[in-house]
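Trainee: Model the following, please.
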Amino acid sequence: MYAQRRKRYFVLMATCLVLFVSAWSFVRLISVPAAVGLCVVALVIPPIAAIVGNRRGPDDRWFDEDRNPDRDTYRR
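Mentor: As a prediction, this is how the structure comes out:
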C-alpha cells in the first residue's frame, strides 16, 4: 500500500510542476489569464497530494497501534 500511495503522490506533484512550468514558459505567450489560472490549479494540488500521500490504507498499521494484536497494552 505504501508504494501505491507514494506513486499517487509523485504523480500529483509531477502534474503540479508540469502545470506551473508550462504556464509560464508557453501558455503566457497565448494568454496571461490562462497562465494565472494554471498556476492557481497548481497551487491547490500540493495540499491534496499531501493528504493522498498520508492517507491510511485499510491494511496499514498506524503509528499508535500495537504491533502484537493479541496483547492489550492499555489494560492495567
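Trainee: so which helix or strand takes in the residue nearest the centre of the chain?
Mentor: For the chain, A49 is the residue whose C-alpha lies nearest the centre (CA atoms, centre = their mean; 1.4 Å). Here A49, judged by DSSP states H and E, is contained in helix 32-54.
Trainee: Give me the buried positions along that helix.
Mentor: For helix 32-54, burial by neighbour count (16 or more other CB atoms under 10 Å) applies to 35, 38, 42, 45, 49, 53. For the C-beta atoms, the positions are set from N, CA and C on the backbone; glycine is no exception.
Trainee: Which of these sits closest to L12?
Mentor: Nearest to L12 among those is A49, at 3.8 Å by CB to CB.
Trainee: My guess is the closest one contacts M13. True?
Mentor: Yes. Contact criterion CB atoms under 8 Å: A49 and M13 qualify, at 5.4 Å.
Trainee: residues contacting A23?
Mentor: By CB atoms under 8 Å, 6 or more residues apart in numbering, A23 lies in contact with 34-36, 38-39, 42.
Trainee: mind redoing it with 7 Å?
Mentor: 35, 38-39 (CB atoms under 7 Å, 6 or more residues apart in numbering).
Trainee: do the same with S31
Mentor: When the contact criterion is CB under 7 Å, 6+ apart, S31 has no partners at all.
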